[in-house]
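Student: Fold the stuff below for me.
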Amino acid sequence: MLYQSLLRILLPIAAITQLVGMARKQTLDRWGHHIGLDTQKVAQLESKYAGHIGKSLLLGKLTFVIGVAFLVASGMAQYPFKNFCLLIFW
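Tutor: Numbers count the residues shown, from 1 in each chain. Okay, here's the model as predicted:
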């Protein structure tokens, strides 16, 4: 019963963070220059992050305080949603 209640809360949060990450291009094109991010810097970060997505998700899960940042970053890297859910709800 408790697990089902938590799942009803956490699944929408996981989906929202994934969608926010996927909307990165439009967001960065519009607001990135305000915080010093351009497409070249983001592409460089994505290429470094792409090989370590699973490790980053597990690290984010272990460090609960910064977990949301890792969830958004996995969406930005367009990590497959099925794998994302498997790692998050493991």
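
Student: where in the protein is pLDDT low?
Tutor: Low-confidence regions of the chain, defined here as pLDDT under 70, cover residues 1-3, 6, 64-65.

Student: Could you work out the end-to-end span of stretch 74-85 for me?
Tutor: Terminal residues of stretch 74-85 lie 11 Å apart, using C-alpha to C-alpha, to the nearest Å.

Student: Mind listing residues that contact it?
Tutor: 11, 14-15, 17-22, 24, 46, 49-50, 53-54, 56-57 (C-beta atoms under 8 Å, 6 or more residues apart in numbering). Where C-beta positions appear, they are placed from N, C-alpha and C, glycine not excepted.

Student: Buried residues in the host helix or strand of residue 75, which are they?
Tutor: Using DSSP states H and E, residue 75 falls within helix 67-76. By neighbour count with 16 or more other C-beta atoms under 10 Å, helix 67-76 contains the buried residues 67, 70, 71, 72, 73, 74, 75, 76.

Student: quick one: which of the residues you listed is nearest residue 37?
Tutor: Checking the buried residues of helix 67-76 against residue 37 with C-beta to C-beta, the nearest one is residue 76 at 11.3 Å.

Student: distance of the closest one from residue 36?
Tutor: In this structure, residue 76 and residue 36 are 16 Å apart, going by C-beta to C-beta, to the nearest Å.

Student: and if you look at residue 59?
Tutor: When C-beta to C-beta is applied, the distance between residue 59 and residue 36 equals 25 Å.

Student: Of the contacts of stretch 74-85, which count as buried by neighbour count?
Tutor: Neighbour counting with 16+ other C-beta under 10 Å marks 14, 17, 18, 21, 22, 24, 53, 56, 57 as buried within the contacts of stretch 74-85.

Student: Narrow these to those in helices?
Tutor: With DSSP state H as the criterion, helices contain 14, 17, 18, 21, 22, 24, 53, 56, 57 from among the buried ones among the contacts of stretch 74-85.

Student: which residues touch the residue lying closest to the first one once chain neighbours are set aside?
Tutor: Closest residue to residue 14 in three dimensions, ignoring its sequence neighbours and counting by C-beta to C-beta, 6 or more residues apart in numbering: residue 88, at 5.4 Å. For residue 88, the contacting residues are 10, 14, 57, 61, 71, taking C-beta under 8 Å, 6+ apart as the criterion.
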